[in-house]
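> Sequence and predicted structure, then a few things I'm wondering about:
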Amino acid sequence: MGRLCEMTGVISELITYPIKGCAGVALSESVLARAGLVHDRGFMVVDTHGKFRSQRRDPRLALIRPRVDAGGARLTLRAPGFQDLDVAVDLDSPRRAVELFGRSHEGIDQGESAAEWLSSVLGTASRLVRVPPEHVRVVGGRTPGTSGYADSSPVHAISRASLDELNRRRHGPPIPMSRFRPNIVIDGWDEPHLEDRADRIVVGNAELAYAKLAIRCAVTLVDQRRGGKAGPEPLHTLAAYRRAAAGGVAFGAKFSVLRPGKLAVGDAFTVTAWTDSQLDEPQRS
């Protein structure tokens, strides 16, 4: 493909994930802060030693549907077959050590009721922590940023054209977008994977900058509706045409926040500058 000019898509979905690894919450509009969409990965489930839980090993996390009230003062936990639990968010208790991808951070434990509820749903001893207000975590990439408890960069975006291309290449029922857990879904692009090369984006009254490809893991194998592993897809198909130059298979891209602002479904997603892809030359089919 030749030199790209300014290109505009549209936000078709906005999703925040208040508790890392748990179900997302669809939004019609949201504040975008330096660390991402409001409340995104502001909470995390940990084991008794403070190590984070992930759908990689605990796929039942997908069954937990959290809601944070507008002011961020109360969190509601829901899961099929369990009574809802309303939690007053604690920002004042002593900080405790938590571990995320081998690195030490701090969290504020949200108490015994939340711990007992999560342990019952997941079938293993668990606790809930919140990012402290003073939390500062720098995450890398071509444009470094900051993040709460997200895996890496604060914003994860995927185009609908990219998902359509994946499903075109494989057999069987379509893979839903929920398997990839994006924050922003972009519609209106004819060509797939343009997000790989989107260096600067104006969206709403905010601005994003490219950080890195989204390298996919076993979380994509989890059926987000039933909280269980669903087989080798989509990783099997992605491995045939989405190999990242640095290793792994990629789908979607991560972005840092250059200018905070407000976003809404229907807002233009305008790429104003482009960068080189970090993907190996794709195989054609």
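Thanks, I have the structure now. Numbering: from 1, shown residues only.
> Three-state assignment for residue 70, please.
coil (DSSP: H, G, I helix; E, B strand; the rest coil).
> quick one: contacts for it?
Residues in contact with residue 70 (CB atoms under 8 Å, 6 or more residues apart in numbering): none are found. Heads up, the C-betas are built off the backbone N, CA and C, glycines and all.
> swap in residue 97?
Neighbours of residue 97 in contact, by CB under 8 Å, 6+ apart: 50, 104, 105, 106, 107.
> of all these, which two lie farthest apart?
104 and 107 (10.6 Å; CB to CB).
> Between the two, which contacts overlap?
Here residue 104 and residue 107 share the contacting residues 97, 98, scored by CB under 8 Å, 6+ apart.
> And these two? Which one has more around it.
A count of neighbours by other CB atoms under 10 Å puts residue 107 above the other of residue 104 and residue 107, at 25 against 9.
> re the thing from before, closest to residue 137 among the contacts of residue 97?
Nearest to residue 137 out of the contacts of residue 97 is residue 105 (CB to CB; 6.6 Å).
> Partner strands of the helix or strand of the chain with the lowest mean pLDDT, with direction?
Counting by mean pLDDT, DSSP states H and E, the chain has its least confident helix or strand at strand 138-139, which shows a mean of 92. Strand 138-139 has its sheet partners listed here by DSSP bridges as strand 145-146 (antiparallel).
> can you map out the strands along the stretch 101-250 of the chain?
With strands called from DSSP state E, counting those that start in this stretch, the stretch 101-250 of the chain shows them at 103-109, 127-130, 138-139, 145-146, 155-159, 184-187, 198-203, 206-215, 222-223, 228-229, 250-259.
> Dump those into JSON lines; add distance to residue 64 as well.
Output for these, formatted as JSON lines (distance: least, CB to CB, whole Å):
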{"stretch": "strand 103-109", "distance to residue 64": "17"}
{"stretch": "strand 127-130", "distance to residue 64": "10"}
{"stretch": "strand 138-139", "distance to residue 64": "24"}
{"stretch": "strand 145-146", "distance to residue 64": "25"}
{"stretch": "strand 155-159", "distance to residue 64": "19"}
{"stretch": "strand 184-187", "distance to residue 64": "22"}
{"stretch": "strand 198-203", "distance to residue 64": "29"}
{"stretch": "strand 206-215", "distance to residue 64": "22"}
{"stretch": "strand 222-223", "distance to residue 64": "13"}
{"stretch": "strand 228-229", "distance to residue 64": "14"}
{"stretch": "strand 250-259", "distance to residue 64": "23"}
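> nearest to residue 46, of those?
Smallest distance to residue 46 across the strands of the stretch 101-250 of the chain (CB to CB): 5.4 Å, for strand 127-130.
> Run the chain-centre distance for the closest one.
Centroid displacement of strand 127-130 relative to its chain, using CA atoms, centre = their mean, to the nearest Å, is 18 Å.
> With stretch 156-175 instead?
17 Å.
> what's the first-to-last distance across it?
Between the opening and closing residues of stretch 156-175 lies a distance of 18 Å (CA to CA, to the nearest Å).
> Any chance you could list what contacts it?
Taking CB under 8 Å, 6+ apart as the rule, stretch 156-175 contacts 9, 12, 150, 177, 180-187, 189-195, 208, 214, 233-234, 236-238, 240-241, 251-255, 269, 285.
> Show the buried residues in these.
9, 12, 150, 177, 180-186, 189, 192-195, 208, 214, 233-234, 237-238, 241, 251-255, 269 (16 or more other CB atoms under 10 Å).
> Spatially nearest residue to residue 95 (excluding sequence neighbours)?
Of all residues not flanking residue 95 in the chain, residue 106 sits nearest, at 4.2 Å (CB to CB, 6 or more residues apart in numbering).
> count of neighbours near that neighbour?
Applying other CB under 10 Å, I find that residue 106 has 16 neighbouring residues.
> Just the pLDDT at it, thanks.
On pLDDT, residue 106 comes in at 97.
> Look up which residues are beta-bridged to it.
As assigned using DSSP bridges, the partners bridged with residue 106 are residue 97.
> residues touching residue 194, list them.
4, 7, 9, 159, 161, 271.
> Now do the SS call for residue 78.
Residue 78 ends up strand, using three-state DSSP.
> neighbours around it, how many?
By other CB under 10 Å, 16 other residues sit near residue 78.
> Can I get the contacts of residue 194 in JSON lines including pLDDT and distance to residue 33?
JSON lines is the format used below for those (pLDDT from 0 to 100; distance: CB to CB, whole Å):
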{"residue": "4", "pLDDT": "71", "distance to residue 33": "29"}
{"residue": "7", "pLDDT": "91", "distance to residue 33": "26"}
{"residue": "9", "pLDDT": "97", "distance to residue 33": "22"}
{"residue": "159", "pLDDT": "98", "distance to residue 33": "23"}
{"residue": "161", "pLDDT": "98", "distance to residue 33": "28"}
{"residue": "271", "pLDDT": "98", "distance to residue 33": "22"}
